[in-house]
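Visitor: Give me coordinates for this.
(one chain, ligands or ions: 1)
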Amino acid sequence: MKSRVFRAGAAKSNITPPLGTSIPGEMFGRTALHVHDDLHARCLVLDNGVEKMAIVVCDAIALPKAPVLRATQLIRKHAGIPHDHVIIAATHTHEGGPTASVFQSDADPKYLDWLAIRISDSVRRAVNNLRPARIGWGVGRVNGVVFSRRYFMKPGTVPPSPWGTADDQVMMNPGRENPNVVKPAGPVDPELVILAIQDMEGDPVAVLGNYTLHYVGGERSSDISADYYGVWADILEREWAKRAAAPKPPFVAMMTNGCSGNINNIDVRSALNQPYPYHQMHKVARGIADESLRVLRTIKYRDWVPLASRETAVELETRKPSPEDVRSARRILKNAGPVLESLEAIYARETVLMARWAGKVVAPVHALRIGDVGIVTFPGEAFVELGLEVKKKSRFRTTFCVNLSNDYLGYIPTVAAHAQGGYETWRARSSFLERDAAPALVSAALDSLRRCL
Ligand SMILES: [Zn+2]
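Guide: Below is the predicted model of the structure:
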């Protein structure tokens, strides 16, 4: 019998949009006037002679189903990897290209068409770069960087919802040094997982990281930037790369985002010390990169590992607005100008835009096995509790989750978080799944993981 050879390839394709495009990520529209740093689709392809899989991470706020489907068709055609062996995830940079229609920012279909090709190109290039390789993994922790962003507040200090109701029990981002903050409404996950691949001469091929942080921000609001995910990758590509004896494909670092729907980098107990834009982003990236480098130095590499990939489609109901909701939203918008400023009007527009939505959606959940590591994906902004539950119940020694993968179905709060209310539960195109979506998706994820064993 021919001995089995483990091979890996990595590549990154530039996906920076032209200036003048819309930058999604705020409730108000923004236009790109400058590129602070380029955006990329970063790809890792693994092939153990039995299974071949691709993981692509894009510097984007979110990737809806259409470009993902287009990209997976191209990947199947050109690289021969079936769609259930492909993960295409967004980092969730809030300074990315026009990939999603959220609040007053619109996706650009032309950019999405080109993006699908660039994603496919990153996979084709990674396949071209396949070479015999060894793989290992390790786990670290970065404390003091991640915080729950939902807080219980002193009685009477939670602001009303966009519908004027006063039943929210928690507030999102109450602001630093807010004296009305009582305590955070949820846990954090400071775990950092590192997968590392090197070739047979010991030169690094790729490093894939996983950390659970929504994004950092702190940039100029008209800049394009890959946020801390890009800064982290730059540091690793500078400090972990080796000067190979012969020319080789460049080493690629890629950071995936865990279940960070309710996790940010704001410590409400203290003021922000940001002497210049991007300071905090670089500080956070440096801290996570230092821990990544420490973990990398401890990794034991294996010559061959089992690979598996399973996909589950979960049918979920949507919280579609009622005809009465739509009628009252239309009344509110009648008197509003072209740029909406009040929460009431912004959410009224969301309600009208969702009037004809389907009552059901199909949510893709992937599970991957890479040796002793289990990976699960969610098609939206899952809350940290989902990731912690998957990690606890997984039968793999090391497990991590990748948010915002293979579709964008908005926030995925826990059932308890829906009862508490707050921004992430307010119905909009960025929050519309049924209240029981989280347990359904977690159980699909655990089932998919088991089927990878
Ligand atoms: Zn978000």
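
Visitor: CA only for contacts and neighbour counts going forward, please
Guide: Noted.

Visitor: those helices in this protein, which residues are they?
Guide: Secondary structure of the chain by DSSP state H: the helices cover 65-79, 109-128, 227-239, 279-296, 323-334, 343-353, 384-393, 415-420, 437-451.

Visitor: a markdown table for those helices, including distance to residue 143, mean neighbour count and mean pLDDT?
Guide: Listed next are the helices of the chain as a markdown table, based on distance: least, Cα to Cα, whole Å; neighbours: other Cα atoms under 10 Å; pLDDT from 0 to 100:
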| stretch | distance to residue 143 | mean neighbour count | mean pLDDT |
| --- | --- | --- | --- |
| helix 65-79 | 34 | 19 | 98 |
| helix 109-128 | 33 | 22 | 98 |
| helix 227-239 | 16 | 21 | 98 |
| helix 279-296 | 9 | 19 | 98 |
| helix 323-334 | 43 | 15 | 97 |
| helix 343-353 | 34 | 20 | 97 |
| helix 384-393 | 15 | 19 | 98 |
| helix 415-420 | 24 | 16 | 98 |
| helix 437-451 | 25 | 20 | 98 |
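
Visitor: Distance to residue 370 added to those helices, as TSV?
Guide: Listed next are the helices of the chain as TSV, based on distance: least, Cα to Cα, whole Å:
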stretch	distance to residue 370
helix 65-79	20
helix 109-128	17
helix 227-239	21
helix 279-296	17
helix 323-334	47
helix 343-353	40
helix 384-393	15
helix 415-420	31
helix 437-451	11
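
Visitor: looking at the ones you listed, which is closest to residue 56?
Guide: Nearest of the helices of the chain to residue 56, taken as Cα to Cα: helix 109-128 at 7.3 Å.

Visitor: Quick one: distance of the closest one to the chain centre.
Guide: 18 Å (Cα atoms, centre = their mean, to the nearest Å).

Visitor: Export that helix to CSV, keeping only CA atoms.
Guide: The C-alpha trace of helix 109-128 is given here as CSV (Å, rounded to 0.1, in the frame of the first residue of the first chain):
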residue,chain,number,x,y,z
PRO,A,109,-23.5,43.1,-6.0
LYS,A,110,-20.5,43.9,-8.2
TYR,A,111,-18.1,43.7,-5.3
LEU,A,112,-19.7,40.4,-4.1
ASP,A,113,-19.2,38.8,-7.6
TRP,A,114,-15.6,39.8,-7.7
LEU,A,115,-15.1,38.7,-4.0
ALA,A,116,-16.5,35.2,-4.8
ILE,A,117,-13.8,34.9,-7.6
ARG,A,118,-11.1,36.1,-5.3
ILE,A,119,-12.2,33.6,-2.6
SER,A,120,-12.0,30.9,-5.2
ASP,A,121,-8.7,32.1,-6.4
SER,A,122,-7.3,32.0,-2.8
VAL,A,123,-8.3,28.3,-2.7
ARG,A,124,-6.9,27.6,-6.2
ARG,A,125,-3.6,29.3,-5.2
ALA,A,126,-3.4,27.3,-1.9
VAL,A,127,-4.0,24.1,-3.9
ASN,A,128,-1.2,25.1,-6.3
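
Visitor: so what does it touch, helix or strand wise?
Guide: strand 7-14, strand 40-47, strand 52-58, helix 65-79 (3 or more Cα pairs under 8 Å, 6 or more residues apart in numbering; DSSP states H and E).

Visitor: List the contacts of residue 432.
Guide: 318-320, 409-411 (Cα atoms under 8 Å, 6 or more residues apart in numbering).

Visitor: May I ask which two of these are separated the most?
Guide: Counting by Cα to Cα, the most remote pair of these is 320 and 411, 14.7 Å apart.

Visitor: which of those two has more neighbours?
Guide: residue 411 (28 against 21; other Cα atoms under 10 Å).

Visitor: ok, the contacts of residue 432 vs residue 194, which is closest?
Guide: Using Cα to Cα, the contacts of residue 432 come closest to residue 194 at residue 411, 25.6 Å.

Visitor: Surely that closest one and residue 378 touch.
Guide: No - if you go by Cα atoms under 8 Å, residue 411 and residue 378 don't touch, sitting 10.3 Å apart.

Visitor: returning to that earlier point: just the contacts of residue 432: which are in strands?
Guide: residue 411 (DSSP state E).

Visitor: from the contacts of residue 432, which is closest to residue 11?
Guide: Using Cα to Cα, the contacts of residue 432 come closest to residue 11 at residue 409, 27.7 Å.

Visitor: how about the closest one, what does it touch?
Guide: 64, 363, 379-381, 430-433 are the contacts of residue 409 under Cα under 8 Å, 6+ apart.

Visitor: do you know how far it is from residue 433?
Guide: Distance of residue 409 to residue 433, given as Cα to Cα, to the nearest Å: 7 Å.

Visitor: Also residue 212?
Guide: Separation of residue 212 from residue 433 (Cα to Cα): 21 Å.

Visitor: where are the low-confidence patches of the stretch 1-150 of the chain?
Guide: Residue ranges of the stretch 1-150 of the chain with pLDDT under 70: 1-2.

Visitor: For residue 194, give the beta-bridge partners.
Guide: Assessed by DSSP bridges, residue 194 has beta-bridge partners residue 138, residue 209.

Visitor: That one and residue 295: what is the separation?
Guide: Distance from residue 194 to residue 295, by Cα to Cα: 7 Å.

Visitor: what's the closest residue to residue 76 other than its chain neighbours in contact with, if anything?
Guide: Leaving out its chain neighbours, the residue that sits closest to residue 76 by Cα to Cα, 6 or more residues apart in numbering is residue 82, at 5.3 Å. Counting by Cα under 8 Å, 6+ apart, residue 82 makes contact with 72, 75-76.

Visitor: Tabulate those (CSV), appending distance to residue 443.
Guide: Shown next, in CSV, are these (distance: Cα to Cα, whole Å):
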residue, distance to residue 443
72, 25
75, 29
76, 28
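
Visitor: Which single one of those is nearest to residue 166?
Guide: Checking those against residue 166 with Cα to Cα, the nearest one is residue 72 at 44.4 Å.

Visitor: isn't residue 27 right next to residue 104, touching?
Guide: Yes - contact criterion Cα under 8 Å: residue 27 and residue 104 qualify, at 5.9 Å.

Visitor: Neighbour count for the two, which is higher?
Guide: Applying other Cα under 10 Å to residue 27 and residue 104 shows that residue 104 carries more neighbours, namely 19 against 15.

Visitor: Roughly how far does that one sit from residue 447?
Guide: Counting by Cα to Cα - residue 104 and residue 447 are separated by 38 Å.

Visitor: so which of the helices and strands packed on helix 109-128 gets nearest residue 300?
Guide: strand 7-14 (16.6 Å).

Visitor: who's in contact with the closest one?
Guide: 38-49, 118-119, 121-123, 125-134, 197, 205-206, 249-252.
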